[in-house]
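> model the following, please.
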Amino acid sequence: MDYNVAAQKMGRKLLFQQLKRLNPDTILGVMAKFRADTSPLKVDLGVGVYRDLSGNTPVLTCVRSAEQAVLAAQTTKSYVAAAGREEFNRAVEEMVLGKAHAARRDRRARTVQTPGGCGALRVGAELIRAAAPDVTVHVSDPTWGNHQPLLGSSGLRLERYPYYDAAAHRLRFGAMLERLDRAAAGDVVLLHACCHNPTGADLDPAQWQEVAQLLTRRRLVPFLDLAYQGFAVDLDADAAGVRLVAEQVPEALVAVSFSKNLGLYRERVGALIVIGENETRADACLSHVLQIARSIYSMPPDHGAAIAAHIFASPKLRNEWIEELNLMRARIADMRALLAQHLAEATGGGSFDFLRTQRGMFSLLGVSVEAVERLRDRHHIYMTPDSRMNLAGIMPHNAHYVAESIAAELLAEPAGA
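Numbers count the residues shown, from 1 in each chain. Just a heads-up that it's a prediction; the model follows:
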C-alpha cells in the first residue's frame, strides 16, 4: 500500500514525512568508519573509552567482585527511589566534596543519582532553566562535543569563552578571565574539573583560585563537570578545584560520572550534586531535581550504582579500585611520554612535548581537518575532525607508527596551515 497516497486522499501528511536523515554524530561516525576499515594497521584514537595494553576496555577486578556480591544479595528488581541509592549518593558526595567540606557541614549539598554524567548534565541544565530560563551558560572553547546538545537542548542559551590555543598548545587563561569578567551576574559557567576534554590542559591551583574569586565577585554560578576523577593525579587532587570553588560561592552544580574511573560505561552511573545558599534552598532545589528526573526518566538504573556503592563501602574493594585506577592513569601517562618521544624523533623537534604535561585521555594534536582526513585515508589512524586524540588508543606496538604517520602528514601541510 502507498501510505503517502492514502494520507493525501485523507487530506493530511504522514507524521514522519517531513523528517530528513541527519548526519551521524561525529564520534559515532568515526567509530563506524574505523570498524569498516579492514587494514591491520588501523589505530583508533577517536572513541573516548579507556583501553588496556590489549586494546580492551576491561571490567575492573573490583567491579567483578562487587557485582557478584550485589547479585548474590539481591532479592528484588523493584525501583529503589527517584533520587537513586542513598548510600551511593552519600559516598559520592563525600568523595567529591570531601568529608569536612563547608557545604556538607552546613547541610547545603544535595546529591541524586543520574543515568551517567550525561544525565547529570541534562538534569542540571533543566534545573537551571526552571530557576532562571533567561541565563546564559558559558562553555569553554573548545569543549566536549556533547556539552552543547545536552545543555542547549534544554532551551538554555550557550556562549563560548576562550580556553585553549590548539596551535600553540597552551591555555588562553587571560582571555578566559577577561571574557568571564563580562558575563552577566547570575550566568552559569561550565568548568571541566580535571582532564579537560578535548585538550587535556587543566587549570593549576593558582588559576583555580583566580577563577573562584572571579565567580564570587561577578556572582556567577559554576557548573563543574567531573567525569575523570582519579585520571589526572588522584581522587582528592582531581576534586581540588571543585572543592575550592564550592567553598567560595553560595550556589554550585557538579555533574559526576563513573564511566571512566570505574569502567562502568554501559551501566550509566552518575550523580548530580547541587549546592544551595542554605539548607532551605538546597531542599527546594532537590524537590525540583526529583520532579525533573521524574519527567525525563522517572527512576535511575540501579545495577551500576549498587556495584559502585558496594566498592565504596568495602575497604578491601576500595583499595583494589584505587590500585586499578592508578594503573590506568599510569598507562595513559606512559603512552603520552612514549608518543611524545617518537614524535620528537620523527620531527626532529620538541613541539609535541605538551603531550607529556597534559592529563587524562585526551589531547588536541593541533592539525587541520585535511591532515586528520589524510591520517585516516592514508595511514588508517582515526581521530575526531578537530584532531582530538584518545591517548588510551596508543600502544607500545603502534606509537612509532602513529608518530611517523603524523610527521609525514605535517610535511604535507601547506605553509602557515
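> could you tell me how many residues sit around Leu97?
Other residues near Leu97 come to 24 when the count uses other Cβ atoms under 10 Å. Placement of C-beta: from N, CA and C, glycine included.
> my guess is it contacts Val256. True?
No - Leu97 is beyond contact range of Val256, at 10.5 Å (criterion: Cβ atoms under 8 Å).
> which neighbours do these two share?
Common neighbours of Leu97 and Val256 are listed as Ile273 (criterion: Cβ atoms under 8 Å, 6 or more residues apart in numbering).
> could you list the residues in contact with stretch 63-70?
For stretch 63-70, using Cβ under 8 Å, 6+ apart, the contacting residues are 262-264, 303, 306-308, 310-311, 314, 317, 320.
> in that stretch, what counts as buried?
Residues 63, 65-67, 69-70 are the ones in stretch 63-70 that count as buried (16 or more other Cβ atoms under 10 Å).
> on the three-state scheme, Val256 is what?
strand (DSSP: H, G, I helix; E, B strand; the rest coil).
> what is the nearest of the buried residues of stretch 63-70 to Val49?
Nearest to Val49 among these is Val63, at 14.8 Å by Cβ to Cβ.
> keeping just the C-alphas, turn the helix or strand encompassing that closest one into CSV.
For Val63, the host element (DSSP states H and E) is helix 61-73. The C-alpha coordinates for helix 61-73 follow below in CSV (Å, rounded to 0.1, in the frame of the first residue of the first chain):
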residue,chain,number,x,y,z
THR,A,61,38.6,-6.8,39.1
CYS,A,62,36.9,-4.8,41.9
VAL,A,63,33.8,-4.4,39.8
ARG,A,64,33.6,-8.2,39.1
SER,A,65,33.8,-8.9,42.8
ALA,A,66,31.3,-6.3,43.8
GLU,A,67,28.9,-7.4,41.0
GLN,A,68,28.9,-11.0,42.3
ALA,A,69,28.2,-9.8,45.8
VAL,A,70,25.4,-7.5,44.7
LEU,A,71,23.7,-10.2,42.6
ALA,A,72,24.0,-12.8,45.4
ALA,A,73,22.4,-10.4,47.9
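> so Arg388 sits against Leu364, correct?
Yes - contact criterion Cβ under 8 Å: Arg388 and Leu364 qualify, at 5.7 Å.
> find the residues that touch each one of the two.
Joint contacts of Arg388 and Leu364 (Cβ under 8 Å, 6+ apart) are Pro198.
> ok, these two, which is more surrounded?
Neighbours were tallied for Arg388 and for Leu364 using other Cβ under 10 Å; the higher tally belongs to Arg388 (27 against 24).
> now the more buried one, what are its backbone angles?
phi -70, psi 130 (degrees, to the nearest 10).
> helix or strand next in line after the lowest-mean-pLDDT helix or strand in the chain, which one?
Using mean pLDDT, DSSP states H and E, helix 3-9 stands out as the lowest-scoring helix or strand of the chain, at a mean of 59. Later in the chain than helix 3-9, the nearest helix or strand by DSSP H and E is helix 26-36.
> who touches that next one?
Against helix 26-36 from outside (Cβ under 8 Å, 6+ apart): 23-24, 42, 44, 46-48, 145, 376, 382-385.
> which of those residues are buried?
Among those, the ones that count as buried by 16+ other Cβ under 10 Å are 42, 44, 46-48, 145, 376, 382-384.
> which pair of the contacts of stretch 63-70 spans the longest distance?
Spanning the widest gap among the contacts of stretch 63-70 are His303 and Glu320, at 19.5 Å by Cβ to Cβ.
> out of the buried ones among the contacts of helix 26-36, flag the one nearest to Thr57.
Val47 (9.4 Å).
> sitting in strands, which of the contacts of helix 26-36 do you find?
If you go by DSSP state E, the contacts of helix 26-36 have 44, 382 in strands.
> the contacts of helix 26-36 into JSON lines, with extra columns for distance to Val139?
Shown next, in JSON lines, are the contacts of helix 26-36 (distance: Cβ to Cβ, whole Å):
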{"residue": "Asn23", "distance to Val139": "22"}
{"residue": "Pro24", "distance to Val139": "23"}
{"residue": "Lys42", "distance to Val139": "32"}
{"residue": "Asp44", "distance to Val139": "27"}
{"residue": "Gly46", "distance to Val139": "21"}
{"residue": "Val47", "distance to Val139": "22"}
{"residue": "Gly48", "distance to Val139": "17"}
{"residue": "Gly145", "distance to Val139": "11"}
{"residue": "Arg376", "distance to Val139": "27"}
{"residue": "Tyr382", "distance to Val139": "26"}
{"residue": "Met383", "distance to Val139": "21"}
{"residue": "Thr384", "distance to Val139": "17"}
{"residue": "Pro385", "distance to Val139": "19"}
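> okay, who's weakest in the contacts of helix 26-36 by pLDDT?
Checking pLDDT across these, the minimum falls on Pro24 at 76.
> what backbone torsions are found at that residue?
According to degrees, to the nearest 10, the main-chain angles of Pro24 amount to phi -70, psi 150.
> quick one: contacts for it?
Contact partners of Pro24, counting by Cβ under 8 Å, 6+ apart, are Ala32.
> CA atoms of stretch 313-333 as CSV?
Provided in CSV are the C-alpha atoms of stretch 313-333 (Å, rounded to 0.1, in the frame of the first residue of the first chain):
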residue,chain,number,x,y,z
ALA,A,313,31.7,0.8,51.3
SER,A,314,34.3,-2.1,51.3
PRO,A,315,37.8,-1.0,52.4
LYS,A,316,39.3,-4.0,50.6
LEU,A,317,37.5,-3.4,47.3
ARG,A,318,38.0,0.4,47.5
ASN,A,319,41.8,-0.2,47.9
GLU,A,320,41.7,-2.6,44.9
TRP,A,321,39.8,0.1,42.9
ILE,A,322,42.4,2.8,43.7
GLU,A,323,45.2,0.4,42.7
GLU,A,324,43.5,-0.4,39.4
LEU,A,325,42.8,3.3,38.9
ASN,A,326,46.4,4.1,39.5
LEU,A,327,47.4,1.6,36.8
MET,A,328,45.0,3.1,34.3
ARG,A,329,46.3,6.6,34.9
ALA,A,330,50.0,5.4,34.7
ARG,A,331,49.4,3.6,31.4
ILE,A,332,48.0,6.7,29.8
ALA,A,333,50.9,8.8,31.2
